[in-house]
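> what's the 3D shape of this:
(chains A and B)
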There are 2 protein chains.
Amino acid sequence: MTKLTLYSMPSSGNSYKVRLLLSLLGRPYTHVGMEYETPALAKAHAEGTLPLSKLPVLELPDGTRLPESNAILCYLAEGTDWMPSDPIDRARMLGWMFWEQNQHEGVIAVRAAILSYASRAHLRTPERLADLLERGHGLLQQMENRLETNDWIATDGPTVADISLYGYTHSAGTKGGFDMGRFPAINRWLDRIAAMPGHVGLNAIPA
Amino acid sequence: MTKLTLYSMPSSGNSYKVRLLLSLLGRPYTHVGMEYETPALAKAHAEGTLPLSKLPVLELPDGTRLPESNAILCYLAEGTDWMPSDPIDRARMLGWMFWEQNQHEGVIAVRAAILSYASRAHLRTPERLADLLERGHGLLQQMENRLETNDWIATDGPTVADISLYGYTHSAGTKGGFDMGRFPAINRWLDRIAAMPGHVGLNAIPA
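This next block holds a predicted model:
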């Protein structure tokens, strides 16, 4: 199996998703870190080397560069247990992954970013933080409803939709300030993923 | 081939994507319209019958309900020319589709919604409209860059990524107020899709 290169942002949940799946799959890769608001990332943007101007980017051995975390997860999962073969299960998995990018990430990750990054401090208004908190709890409740009666988010077994949603949900309390005590089923699901062989944390950045 | 039921919002680009693909594929279906801010939609939300509380929803003959427009497009495209079989082409297609939900829809569709729906009139501030206009022109420029040298958005041939992005781009000028004169390659691409056999407009709602 030839070696992959991953361009990723150490602090970003979107980048973390891909590092986590690569580790769970036991696939070796070269890691190129580009942190938010650093010269390395500014240089990549200026040179236009990042497709769709986003991170993470997966570079294949032939030089092909693939953007978008969830598309990369699907690519890496193809032919493994993380990608269901049944067409309806696959549609359910993709449904949660599009919801993650359209709904969840824009609230759960955005609140964490506003609280974490100095450059976003001007967005840290009480009204905005309260609005994101309320909407985030509503979105987490949708996950809770599913996970109350199912071990995994999309199908009977784990899929890359679980990895995708784990990316920002695992730190929704610590970084985003959401009240995770309300969501016991989510917490059990987070524990199930954290216990998987090969699991790595957000801060386990490859050398 | 057994009959499908589509729950869709007549005025929504996300719902339109699915109506357009079903028509291009020549697949018959039963249409159940639920317009924004109508009693029919409020009832469905109150009863919790829409997965992920969103439209469109595709109902299969066995009663399975699939949410999320882009996941539905992928499900319907499987086994047709609209879904590439090459894994890298498939990843490129999904990349544009996740970008559509994470970046494009939240700016291009949101500006149109703020300008169109009375209930969003309070969001119609000059600052917000100007910010969405500038960001939208930046996103459309990313599409323009790709389409200047390629007929289709993701691969050498049309895929459901083209349908996905067509959903809100085709009305970005008329509904969103974006200056489409800046984007000749996008306009040629819109014309190519509009000329396809089976193409229907947003307002062609099945009886």
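
> can you give me the mean pLDDT across stretch A:197-204?
Mean pLDDT, stretch A:197-204: 96.

> Equivalent analysis for stretch A:134-145, please.
When pLDDT is averaged over stretch A:134-145, the result is 98.

> can you check stretch A:78-89 too?
Rounded mean pLDDT across stretch A:78-89 is 97.

> Let me see the residues that make contact with that stretch.
Contacts to stretch A:78-89, defined as C-beta atoms under 8 Å, 6 or more residues apart in numbering or on different chains, come from residues A:21, A:24-25, A:73-74, A:76-77, A:90, A:93, A:154-155, A:157-160, A:163, B:60, B:64, B:66, B:75, B:78, B:87, B:90. Quick note: C-beta positions are derived from backbone N, CA and C, even for glycine.

> For ChimeraX, write the selection for the buried entries among those residues.
The ChimeraX command for the buried members of the contacts of stretch A:78-89 (criterion: 16 or more other C-beta atoms under 10 Å in any protein chain shown) is given here:
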select /A:21,24,73,74,76,77,90,93,154,155,158,159,160,163 /B:66,75,90
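
> Which ones among the contacts of stretch A:78-89 map onto helices?
Among the contacts of stretch A:78-89, the residues falling in helices (DSSP state H) are A:21, A:24-25, A:73-74, A:76-77, A:90, A:93, A:160, A:163, B:75, B:87, B:90.

> is the helix or strand bottoming out on mean pLDDT in chain A anywhere near chain B?
Ranked by mean pLDDT, DSSP states H and E, the weakest helix or strand in chain A is helix A:39-47, scoring a mean of 91. No. Helix A:39-47 lies apart from chain B when judged by C-beta under 8 Å from any C-beta of the partner chain; the minimum separation is 12.4 Å.

> for that helix, which positions count as buried?
Result for helix A:39-47 [16+ other C-beta under 10 Å]: buried residues A:Leu41, A:Ala44.

> any idea how far that helix is from the chain center?
22 Å (C-alpha atoms, centre = their mean, to the nearest Å).

> Outside of that helix itself, which residues are in contact with it?
Under C-beta under 8 Å, 6+ apart, the answer for helix A:39-47 is A:Tyr7, A:Met9, A:Gly33, A:Met34, A:Glu35, A:Leu50, A:Ser53, A:Leu55.

> The helix or strand containing A:Arg192 vs chain B: in contact?
Using DSSP states H and E, A:Arg192 sits within helix A:184-194. No. Helix A:184-194 lies out of reach of chain B by C-beta under 8 Å from any C-beta, never closer than 15.8 Å.

> Return the set of buried residues in that helix.
Within helix A:184-194, judged by 16+ other C-beta under 10 Å, the buried ones are A:Ala185, A:Ile186, A:Asn187, A:Trp189, A:Leu190, A:Ile193.
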